[in-house]
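*Asks:* Give me a model of this one.
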Amino acid sequence: MKKILGLFLFCVLTASAHAQQMNAGSQVLVSGRADIKVVNDQAVISFYAEEVDKDKTLAATRVNQKMKTSIEYIKQKYKGIELSTHNYHSSQTYEEVASKNANGMPIVKQQANGWRVGQYLDLKTRDLKNLPAMVAYLQKTLALNNVRFEVSDELSKRVEAERILAGYKNLNERIAMIAQAMGRQASDFIIDSVDFEGGAIDRSPDRTYGRFFTSTVSNVRSDKIVEPDFEPGTSVISIRVDAKLRVK
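*Replies:* Numbers count the residues shown, from 1 in each chain. Purely as a prediction, here's the structure:
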């Protein structure tokens with residue numbers, strides 16, 4: 001332990017001596033960082049419709065009808081919801097048919113027996129209060145693919161000032177620590193330039209990310225879907241501030 005402490009003191013004294021020998025005009029690069037935790041205020045929900053039929057036209061018609069009915073319901077019932085459809089697809093389905101080859105040996109062949117048609121519908125909304133009822137209703141017609149929660153652009157703009165101030169504060173704290181480690185004062189450094197977007201804005205969900213689950217209720221009718229429970233969780237909005245310092 002004494003050897004480790006001695007080595008540490010030696011390194012500190014060496015760094016301090018070197019720092020004091022730095023010529024005026026020498027440059028030092030410093031980065032600060034801040035993480036702002038924000039409650040998610042927006043949900044992105046993905047549904048899909050899929051039908052299988054021997055007749056491709058019939059399968060496509062049923063998918064189209066499901067999508068049309070669902071979109072019309074959302075537009076009439078709710079306001080401010082962004083809708084987008086994507087990944088409209090159709091492909092043949094196959095079944096295995098047993099047969100024999102020219103030598104009489106049993107083989108299995110893939111034989112087309114129908115068509116699979118599907119389409120996805122994505123919704124983006126900040127109306128989290130009515131989200132459970134909307135999701136439960138749409139599940140009567142569409143299949144739920146996934147739900148995720150995030151920070152909206154509007155909320156991100158509102159916390160922009162807090163994000164910048166926190167990043168700049170951390171930068172100054174690091175400058176003070178570096179100056180102390182180098183045996184100098186923070187006032188010995190002049191800031192030549194500051195980049196508030198040294199790193200891309202990160203809105204990564206933290207460990208309390210949004211999730212949902214459906215309650216289990218006994219003696220519920222088969223045609224009634226219980227509303228899911230949602231917990232939007234939080235996200236972390238980060239910033240990195242890079243500064244170029246010059247020794248006086």
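*Asks:* Convert the one helix or strand Tyr88 maps to to CSV, retaining C-alpha atoms only.
*Replies:* For Tyr88, the host element (DSSP states H and E) is strand 82-100. Extracted in CSV, the C-alpha atoms of strand 82-100 (Å, rounded to 0.1, in the frame of the first residue of the first chain):
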residue,chain,number,x,y,z
GLU,A,82,-49.1,10.7,-36.6
LEU,A,83,-49.9,7.7,-38.8
SER,A,84,-47.7,5.9,-41.3
THR,A,85,-48.1,2.6,-43.1
HIS,A,86,-45.2,0.5,-44.4
ASN,A,87,-43.9,-2.9,-45.3
TYR,A,88,-46.9,-4.0,-47.4
HIS,A,89,-45.9,-7.5,-48.5
SER,A,90,-47.3,-10.6,-50.1
SER,A,91,-45.6,-14.0,-50.6
GLN,A,92,-46.6,-17.5,-51.4
THR,A,93,-47.1,-20.1,-48.7
TYR,A,94,-45.9,-23.7,-49.0
GLU,A,95,-46.7,-27.1,-47.6
GLU,A,96,-44.7,-30.2,-47.5
VAL,A,97,-46.0,-33.0,-49.8
ALA,A,98,-44.6,-36.5,-49.6
SER,A,99,-43.7,-38.2,-52.9
LYS,A,100,-41.2,-40.6,-54.4
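*Asks:* If you count neighbours, what's buried in whichever strand or helix holds Glu50?
*Replies:* Using DSSP H and E, Glu50 sits in strand 42-53. By neighbour count with 16 or more other CB atoms under 10 Å, strand 42-53 contains the buried residues 42-43, 45-51, 53. Using the backbone N, CA and C atoms, a C-beta is placed for each residue, glycine as well.
*Asks:* how distant is the helix or strand just after the strand holding Tyr88 from the center of its chain?
*Replies:* As assigned by DSSP H and E, the chain's next helix or strand after strand 82-100 is strand 106-125. The chain centre lies 29 Å from the centre of strand 106-125; the measure is CA atoms, centre = their mean, to the nearest Å.
*Asks:* can you give me phi and psi for Gln185?
*Replies:* phi -100, psi 150 (degrees, to the nearest 10).
*Asks:* count of neighbours near the spatially closest residue to it that is not a sequence neighbour?
*Replies:* Ranked by CB to CB, 6 or more residues apart in numbering and with sequence neighbours excluded, the top spatial neighbour of Gln185 is Ala179, at 5.8 Å. Per other CB atoms under 10 Å, the neighbour tally for Ala179 reads 19.
*Asks:* Between strand 106-125 and the strand holding Tyr88, find me the angle.
*Replies:* On the basis of axes from the mean of the first three to the mean of the last three CA atoms, to 10 degrees, strand 82-100 is oriented at 170 degrees to strand 106-125.
*Asks:* Which strands and helices lie in contact with strand 82-100?
*Replies:* helix 56-77, strand 106-125 (3 or more CB pairs under 8 Å, 6 or more residues apart in numbering; DSSP states H and E).
*Asks:* what's the angle from that strand to strand 42-53?
*Replies:* Using the same axes, to 10 degrees, strand 82-100 lies at 30 degrees relative to strand 42-53.
*Asks:* Please list the residues outside strand 82-100 that contact it.
*Replies:* Residues outside strand 82-100 that contact it (CB atoms under 8 Å, 6 or more residues apart in numbering): 48, 52, 56, 59-60, 67, 71, 74-75, 106-125.
*Asks:* ChimeraX command for the buried members of the residues you listed?
*Replies:* The buried subset of the contacts of strand 82-100, as determined by 16+ other CB under 10 Å, is captured in ChimeraX by this line:
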select :48,56,59,60,67,74,114,115,116,117,118,119,120,121,122,123,125
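*Asks:* In a helix, the residue nearest to Gln185, correct?
*Replies:* Yes. Assessed with DSSP: H, G, I helix; E, B strand; the rest coil, Ala179 lies in a helix.
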